[in-house]
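S.K.: dropping a prediction and its sequence here:
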Amino acid sequence: MRHVAPTREAFDRRVLAVPPLAHWQAYEPLIAAQAWPVTDELNALLPAGSSQHFVTQDKALLDDGLHYEERIARGAVATRPGNWHDLFNALVWLRYPALKRALNARQVEEIARMGPRERSRPQCALTHFDEAGIIVTLRDPRMLAAWDRHDWHALFWTHREAWVRGDARVEIFGHALLEHALTPDKLLVGKALVVMGGGDAVEACTRAIAGGGILNDPQELRPLPVSGVPGWHAGTADEAFYTTAPCFQPIRAGRLYPAALGALPGSDEPVIADVIA
């Protein structure tokens, strides 16, 4: 069923105080205002010298015949006016420009290889992450092992304090996931890349994507019911939530996940972490 976001006039602004939207408070005026922001307002927030800018999507723009991603590579992020999906896409561009550029560069490479009408496995993976992506940082390999077997109770309840302390963290990257968060109490499931240890998880993912080492198949992405993160949903106060809510699905037979990303001490280069449960 296609998701229908609430109207700007009617949406419950209390969702802005609850994660994940609470983590986007810097952009709350653009989200909560009665009037939709226009592209000029969004462009004013870009850093000087930005290689991309937002342009209103209209017939004249679409008549250029370019693929959406090809247009971005030339500097123009097509943005539909009065549209939640595209507004959140713009906000992600403002917060994570290097990561968005890495995804776009990979998409353009695939378009050149496949043509504009065919989609490769890497394109599907890149799109899934762009729309519903999350970046998860963990320090405890036991949490990764629990995630590997979809033991949601262990991941979120047994290791609850790790989430509360910030030793386990989630950053929402996917703009469709942010759009879904406008609906109160909606159970959210993201498509995750996971980084073990400290360091800059976003930078590690950006470098790995740009280098072509990850997101070559959708099966690389781990589903994570982010509504299970303590405090992200009212149900997280109840232990039974983790065994009864429909977002907590068992692992499919034969499903295996790739190793986590990590960063070598003293190195900027992302590596595949050797994590042993």
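M.R.: Ah, there it is. This structure is a prediction, so every number in the text was calculated from the model and none was measured. Numbers count the residues shown, from 1 in each chain.

S.K.: can you list contacts of stretch 146-163?
M.R.: For stretch 146-163, contacts defined as C-beta atoms under 8 Å, 6 or more residues apart in numbering pick out 138-140, 142-143, 168-169, 194, 222, 224-225, 228-230, 236, 239, 242-243, 248-251, 257, 277. In short, each C-beta sits where N, CA and C put it, glycine included.

S.K.: against His53, how distant is Arg207?
M.R.: Computed as C-beta to C-beta, to the nearest Å, the Arg207 to His53 distance reads 25 Å.

S.K.: for Asn104, same thing?
M.R.: 14 Å.

S.K.: which one of these two has more residues nearby?
M.R.: Asn104 (21 against 15; other C-beta atoms under 10 Å).

S.K.: where does the nearest residue to that one once chain neighbours are set aside land in three-state SS?
M.R.: Nearest residue to Asn104, sequence neighbours excluded (C-beta to C-beta, 6 or more residues apart in numbering): Ile72, at 4.9 Å. For Ile72, the assignment made with DSSP: H, G, I helix; E, B strand; the rest coil gives helix.

S.K.: so Ile72 versus Arg255, what's the distance?
M.R.: 33 Å.

S.K.: same deal with Trp232?
M.R.: Taking C-beta to C-beta, one finds Trp232 at 24 Å from Arg255.

S.K.: who has more neighbours, those two?
M.R.: A direct count of neighbours by other C-beta under 10 Å for Trp232 and Arg255 places Trp232 higher, at 20 against 13.

S.K.: re the thing from before, residue contacts, the residue nearest to Asn104?
M.R.: Counted by C-beta under 8 Å, 6+ apart, Ile72 has contacts Gln52, Ala78, Asn104.

S.K.: for PyMOL, write a command that selects the buried ones of the contacts of stretch 146-163.
M.R.: Only the buried members of the contacts of stretch 146-163 enter the following PyMOL selection, criterion being 16 or more other C-beta atoms under 10 Å:
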select buried, resi 138+143+168+169+194+222+224+225+228+229+230+236+242+248+257
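
S.K.: filter the contacts of stretch 146-163 down to just the ones in helices.
M.R.: The helices, defined by DSSP state H, take in Arg142, Met143, Tyr242, Thr243 from the contacts of stretch 146-163.

S.K.: got a pLDDT number for the closest residue to the second one other than its chain neighbours?
M.R.: Excluding the flanking residues, the one nearest Met143 by C-beta to C-beta, 6+ apart is His159, at 5.1 Å. Reading off the per-residue confidence, His159 sits at a pLDDT of 98.

S.K.: could you tell me how many residues sit around His159?
M.R.: Residues near His159, counting by other C-beta under 10 Å, number 19.

S.K.: what comes up buried for stretch 115-127?
M.R.: Ser120, Pro122, Gln123, Cys124, Ala125, Leu126, Thr127.
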